[in-house]
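S.K.: Quick one, fold the following:
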Amino acid sequence: MQKIVKTEYSDVMRTSFINYAMSVIISRAIPDVRDGLKPVQRRTLYDMYELGIRYDRPYRKSARIVGDTMGKYHPHGDSSIYDALVVMAQGFKKSLPLVDGHGNFGSIEGDGAAAMRYTEARLEKITQLAFLNDLDKNVIDFVPNFDETEKEPSVLPVRIPNLLVNGSEGIAVGMATNIPPHNLGEVIDAAVAFMKNPCMSIRDIMQYVKGPDFPTGAIVTNQDELEEIYTTGTGKIKIRGKLHVEKGKQGKSQIVITEIPYPMIGANIGRFMNEVYGLVETKKTTDIVDIINQSSSDGIRIVIELKKNADVEYIENLLYKKTRLESTFGVNMLAVVNGCPKTLSLLEILQEFSAFQMELAERKYRHLLDREMSEKEIQEGLIHACDVIDVIIEAIRGSRSRDQVRQCLVSGVVKDIKFKTLAARRTAAAFRFTERQANAILEMRLYKLIGLEIDALRAEYNETLKKIARYLDILNNRDVMIRVLTEELLAWKQEFATPRKTLITNLEDAVLKEKPVEEIPVVFLMDRFGYAKTVDASVYEKNMANANAENKYIFPMMNTDRVCIFTNTGKMHQCKALDLPYGKFRDKGVPVDNLSNYDSKTEQIVFVCPLSELKQSNVLFVTKQAMAKYVEGASFDAAKKTIAATGLNEDDELIFVGFLSGKEHLVLQSKNGYFLRISVSEIPEKKKTAKGVRAMKLDAKDTLSNAYLLFDKDIVVHYKDTDIHINRLKISKRDTKGVKR
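M.R.: You can find the predicted model right below:
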């Protein structure tokens, strides 16, 4: 019988979302502070170990690894497993690759890895020795897999500070982690020093850990801020690419980039090259001739060719300031600690690592001690058995079953056992071997009775006693355990540490002194679709007829001027003439939407002019509801890209903007066919935010459709199949109805 449970929908959603979020945080996106691995990485490495894909054995197909991992431990799709496998094999992403990849595993320039059916992999030596080697010593707990058909490790017994060495990045629900990689040798030195002196401060630790050590090298430029970042676990690290200048052909110089910021790896290299192209296109510099990516498997080499006598220092600063050659790495050292996500300082990470190593050592040497104690028990039994071997043999020959002999050895039961002598029976009755000793005696081969074998057994027994003493010393003496751990760490450093790649220093921010742009006259052209450009005055003169026919707004200006765009919403948008494409007449131009805040979907352009002319004029505004005013043009000289040009009533919009000289007449035309001609002297000056005064009386449903400024030139308006010469209209007063046509 089904039972319907009524509950609040919001409670169900809240509980479900929290459960989902914690699942993503703990089981997918955030690494464990102890081994520095996410679950997919841990499961992949363990599966490779179980499959026997060791560093000293042949490579195996990646598809086999992915399939086995997915089937046994990680049921989240093959792509996530293969992506994790690929990243662990990429030396340009990991300071210490954990997987030895064979085949196309991608490139630093963002090329993806080949399909898993083509690539092969095996464990790296350090992964096998320092991550997986002690799994058989009961050092960690195993938990059921997703369908409880297998067991998987809850954490790997990693013997190096992997979270710091390889770093980590991941996006969960409501939180993310971004831990930079560090140098293995430096981190091990810091861990050793911390184990010997747990009272160390962040500043003390930074005597060993100078800062991040990115696989791509480059330069960290804010060394003084690192202490604060390592104290709080959050902050921003500034990274600058490394470059030098080489002499090219014909005395020209070329800037060669040999190391890039870590965030620039992948597709960002291509974006960087596009940014350099953009510097040339936008006239930020004219000294760059070409940029060539000569990078290979040997390393990064991006060559920027310069003109002869180019200002190299200016271009270097331009690259740092305007491109991603100087990038920021946002640090957020978030990791899972005791099942909960927590932002950690450098000190806390070392504390957790040290505690984990002590736990591993405790469990490892407890396991080894138990094993040696078992060996000691068996060896003592065998040595004693050799002394009374004749009696044991008589007991075996006189018994009818194995169990009867075992009872004799363990409890001295000699009933129903035939002995040759009474002395042998008495000796056998005194036997008190343990169960384990009795089984070992019964399984002992006769060749063990050779004199040399007995001597070897005694030597093994003495060696076992030494091991037991050593393990007890380690387990009972914290200082001894720390010495053992530090010796192991230093051995890892000796074998696997590499020199630091990233330079840590303090550098001033790149100072970019903009070179004055050569001021030249240009002609602005914008068609009815909003595509704008500038051309040389001589180019316009040669193509004047076509230019006038194809473009809606045309005016001369200087290339250092700004273009002002007035729209029906009462706003004025600005863009720099230098941002517009300059050159050929047949070039299409760019939409002004891309260069300003103007939105062609919600606004209509009413008037376009250069700022220089605007500042020297009085500007007339007329709205659809016949509100009019003029504003001093100098008030529109603002740094903002968008300002309010005029105030508007509700449901009103701007229909006309023009320059005033003070002697013109203004003609207003309504949709119902009323025309009113007034002197502009009747229009008052107002501020930008003002709405103006009513220039014409309108019927209830009538609105203005057009406005015209009259000069000496005759203007003819076509209305209802009639040509109206508005210059011949009678001059009337403002705020009158006008004449009907």
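S.K.: Which neighbouring elements make contact with the longest helix that the chain contains?
M.R.: Among the elements of type helix in the chain, defined by DSSP state H, the one spanning the most residues is helix 346-387. If you count contacts as 3 or more Cβ pairs under 8 Å, 6 or more residues apart in numbering; DSSP states H and E, helix 346-387 packs onto helix 162-166, helix 184-196, helix 202-205, helix 226-232, helix 435-443, helix 451-476, helix 478-496. C-beta here means a position set from N, CA and C on the backbone, and glycine is covered the same way.
S.K.: Next secondary structure after that helix?
M.R.: Using DSSP states H and E, the helix or strand that follows helix 346-387 towards the C-terminus is helix 389-398.
S.K.: That next one packs against which elements?
M.R.: The contact analysis (3+ Cβ pairs under 8 Å, 6+ apart) places helix 389-398 against helix 402-411, helix 422-429.
S.K.: Pull the distance from the longest helix of the chain to the chain's centre.
M.R.: Mean-position distance between helix 346-387 and its chain equals 42 Å (Cα atoms, centre = their mean, to the nearest Å).
S.K.: just to revisit the earlier point, now tabulate the helices and strands packed on helix 346-387 in TSV and tack on distance to Tyr708 and mean neighbour count.
M.R.: Formatted as TSV, the entries for the helices and strands packed on helix 346-387 read as follows, by distance: least, Cβ to Cβ, whole Å; neighbours: other Cβ atoms under 10 Å:
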stretch	distance to Tyr708	mean neighbour count
helix 162-166	73	27
helix 184-196	78	22
helix 202-205	74	16
helix 226-232	65	18
helix 435-443	114	16
helix 451-476	100	14
helix 478-496	83	15
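S.K.: Now do the SS call for Ile4.
M.R.: Put simply, Ile4 is coil when judged by DSSP: H, G, I helix; E, B strand; the rest coil.
S.K.: Distance-wise, check it relative to His244.
M.R.: When Cβ to Cβ, to the nearest Å is applied, the distance between Ile4 and His244 equals 75 Å.
S.K.: Looking at those two, which one has more neighbours?
M.R.: Set side by side, Ile4 and His244 show unequal neighbour counts under other Cβ atoms under 10 Å, the larger going to His244 at 9 against 4.
S.K.: and the more buried one, which of the three is it?
M.R.: His244 falls in the strand class when you classify it by three-state DSSP.
S.K.: Of all the helices and strands packed on helix 346-387, which one is nearest Asp723?
M.R.: helix 226-232 (76.1 Å; Cβ to Cβ).
S.K.: shaky segments in the stretch 151-300 of the chain?
M.R.: Across the stretch 151-300 of the chain, not a single residue meets the criterion (pLDDT under 70).
S.K.: for it, what spans make up the strands?
M.R.: Remark: strands of the stretch 151-300 of the chain, listed N- to C-terminal, are 151-153, 168-171, 176-179, 219-220, 234-240, 242-247, 253-259, 288-293; assignment by DSSP state E, counting those that start in this stretch.
S.K.: Tell me which of those is the most buried.
M.R.: Across the strands of the stretch 151-300 of the chain, averaging neighbours per residue (mean count of other Cβ atoms under 10 Å) puts strand 219-220 on top, at a mean of 22.
S.K.: what lines up beside that one in the sheet?
M.R.: strand 234-240 (antiparallel), strand 503-504 (parallel) (DSSP bridges).
S.K.: Now stretch 417-431 - C-alpha only, CSV.
M.R.: Once non-C-alpha atoms are left out, stretch 417-431 reads as follows in CSV (Å, rounded to 0.1, in the frame of the first residue of the first chain):
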residue,chain,number,x,y,z
ILE,A,417,50.5,-42.0,19.5
LYS,A,418,53.2,-44.7,19.3
PHE,A,419,56.7,-43.7,20.5
LYS,A,420,59.8,-45.8,20.4
THR,A,421,60.9,-44.8,23.9
LEU,A,422,59.3,-43.6,27.1
ALA,A,423,61.7,-40.6,27.1
ALA,A,424,60.3,-39.5,23.7
ARG,A,425,56.7,-39.8,25.0
ARG,A,426,57.6,-37.7,28.1
THR,A,427,59.3,-35.0,25.9
ALA,A,428,56.3,-34.9,23.5
ALA,A,429,53.9,-34.6,26.4
ALA,A,430,55.7,-31.4,27.4
PHE,A,431,55.2,-29.7,23.9
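S.K.: ok, and what's touching stretch 594-605?
M.R.: Applying Cβ atoms under 8 Å, 6 or more residues apart in numbering, the contact partners of stretch 594-605 are 530, 532, 565-569, 571, 573-576, 579-580, 591-593, 641-642.
S.K.: Neighbours of Met273, how many?
M.R.: Residues contacting Met273 under the criterion other Cβ under 10 Å number 16.
S.K.: Report the beta-bridge partner residues of the closest residue to it other than its chain neighbours.
M.R.: For Met273, the nearest residue in space outside its immediate sequence neighbours is Ile291; the separation is 5.5 Å by Cβ to Cβ, 6 or more residues apart in numbering. Ile291 has the following beta-bridge partners by DSSP bridges: Ile304.
S.K.: Go ahead and flag the most central residue of the protein.
M.R.: Nearest to the centroid of the C-alpha atoms of the chain, with distances taken as Cα atoms, centre = their mean, sits Glu169, at 6.3 Å.
S.K.: who's in contact with the residue lying closest to that residue once chain neighbours are set aside?
M.R.: Ranked by Cβ to Cβ, 6+ apart and with sequence neighbours excluded, the top spatial neighbour of Glu169 is Asn178, at 5.0 Å. Residues touching Asn178, when contacts are defined by Cβ under 8 Å, 6+ apart, comprise Gly167, Ser168, Glu169, Phe329, Gly330, Val331, Asn332.
S.K.: Would you write a PyMOL line that selects the buried entries of these?
M.R.: To isolate in PyMOL the members of the contacts of Asn178 that are buried, counting by 16 or more other Cβ atoms under 10 Å, one can use:
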select buried, resi 167+168+329+331
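S.K.: out of the contacts of Asn178, who's nearest Ala21?
M.R.: Ala21 lies nearest to Asn332 out of these, by Cβ to Cβ, at 16.9 Å.
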